[in-house]
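*Asks:* no FASTA, just this:
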Ligand code: C2E
Ligand code: CA
Ligand code: CA
């Protein structure tokens, strides 16, 4: 029934064995996820965000990982289930607390260093999100200025008024707001003036096409000058090659993230003395 509804209300679909299997797998995963949240069986990876102009590591994006019975499950698979089942808030709060503990030395030694946290649209619309996040931060004595919140456009589509209000509260509390995967969704330009966004992140699909697709290269240039004109910061993600880095540097986009510099890694790897040096050596 769900499949038929997803395909449009007036359609019909035959129920197949394959779908049966799919649903079974999803239910199993859902149950495993519930247990894992209860037992706090997730861990964090962090991917550095590098300023190639000033040669500094500005911060890291927190990327959640789940080891389910020895098998690593992709966040692209478990985040939607966590959203559907209402577990996403708890999962995000756990991840944030973990990050504040694991990265405490880096955060306190570098007051400008930040953690970029992905927030699910459902979570942002929760009434008490600002208070909850501030409460978690207060316990570890970290300022909201060291936290960026990554949101996607879907939030802005869901309930515009509520979203605007929530984002204004978060911003007033001192959080920086980042619009993720920019260029992939509706990217309505009015959003950028209606919502208190500080940073936009150019989606990796455009960065992938550097040197391959002239149209995508033009889109990157356009997004970058849009950001400049609106006085927004701009990050490009998914940088995998030196060629891509050079293209971005040439248009002035100098805050970059991607496998070329570093893959997402554990806090232990990030805290190694040589880690930052090795990354900066690649510029
Ligand atoms: P995203 O927010 O767009 O995160 C970027 C994804 O691109 C990450 O995948 C990262 O590992 C990957 N990536 C980074 N650099 C490169 C590169 O140079 N090349 C390629 N091919 N990929 C690169 P990951 O960790 O598998 O996460 C997938 C998605 O899951 C994220 O996409 C995000 O939407 C979601 N996600 C991950 N962690 C969280 C979380 O804590 N909360 C929420 N709400 N969503 C999360
Ligand atoms: Ca993100
Ligand atoms: Ca992204």
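*Replies:* Thanks, I have it. Owing to the predicted nature of the structure, the values given are computational and were not obtained by experimental measurement. Ligands and ions are numbered 1, 2, ... in the order given.

*Asks:* Low-confidence stretches in the stretch 151-283 of the chain?
*Replies:* Along the stretch 151-283 of the chain, segments meeting pLDDT under 70 span 187.

*Asks:* Can you name the residues of it that neighbour ligand 3?
*Replies:* Contact residues, the stretch 151-283 of the chain versus ligand 3 (CB under 5 Å from the ion): 180, 181. For glycine as for every other residue, the C-beta is placed from the backbone atoms N, C-alpha and C.

*Asks:* Quick one: neighbours of residue 227, just the number.
*Replies:* Neighbour count of residue 227, defined by other CB atoms under 10 Å: 22.

*Asks:* shouldn't it be in contact with residue 221?
*Replies:* No: the pair residue 227 and residue 221 fails to qualify as a contact (CB atoms under 8 Å) at a distance of 10.9 Å.

*Asks:* tell me which element the nearest residue to residue 270 once chain neighbours are set aside is part of?
*Replies:* Of all residues beyond its chain neighbours, the one nearest residue 270 is residue 46 (5.3 Å), with distances taken as CB to CB, 6 or more residues apart in numbering. Under the criterion of DSSP states H and E, residue 46 resides in strand 42-51.

*Asks:* ok, and does that strand reach over to ligand 2?
*Replies:* No: using CB under 5 Å from the ion, strand 42-51 never reaches ligand 2; the gap is at least 9.2 Å.

*Asks:* hmm, back to that, distance check, the residue nearest to residue 270 against residue 116.
*Replies:* 9 Å (CB to CB, to the nearest Å).

*Asks:* Which neighbours do those two have in common?
*Replies:* With contacts taken as CB atoms under 8 Å, 6 or more residues apart in numbering, residue 46 and residue 116 have 60, 61, 62 as neighbours in common.

*Asks:* May I see the residues you listed organised as a markdown table, with neighbour count and pLDDT added?
*Replies:* Listed next are the shared contacts of residue 46 and residue 116 as a markdown table, based on neighbours: other CB atoms under 10 Å; pLDDT from 0 to 100:
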| residue | neighbour count | pLDDT |
| --- | --- | --- |
| 60 | 25 | 98 |
| 61 | 23 | 98 |
| 62 | 24 | 98 |
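
*Asks:* which of these lies closest to ligand 3?
*Replies:* residue 61 (8.3 Å; CB to the ion).

*Asks:* residue contacts, the residue nearest the centre of the chain?
*Replies:* Nearest to the mean C-alpha position of the chain, counting by CA atoms, centre = their mean, stands residue 118 at 3.7 Å. By CB under 8 Å, 6+ apart, the residues touching residue 118 are 61, 62, 63, 64, 92, 150, 180.

*Asks:* residues near the third one, how many?
*Replies:* As a burial measure, the neighbour count of residue 63 was computed by other CB under 10 Å and equals 16.

*Asks:* separation between it and residue 117?
*Replies:* 10 Å.

*Asks:* what is the orientation angle of the top strand by length along the chain with strand 42-51?
*Replies:* Ordering each strand of the chain by length in residues (DSSP state E) puts strand 56-68 first. Using axes from the mean of the first three to the mean of the last three CA atoms, to 10 degrees, the inter-axis angle of strand 56-68 relative to strand 42-51 is 160 degrees.
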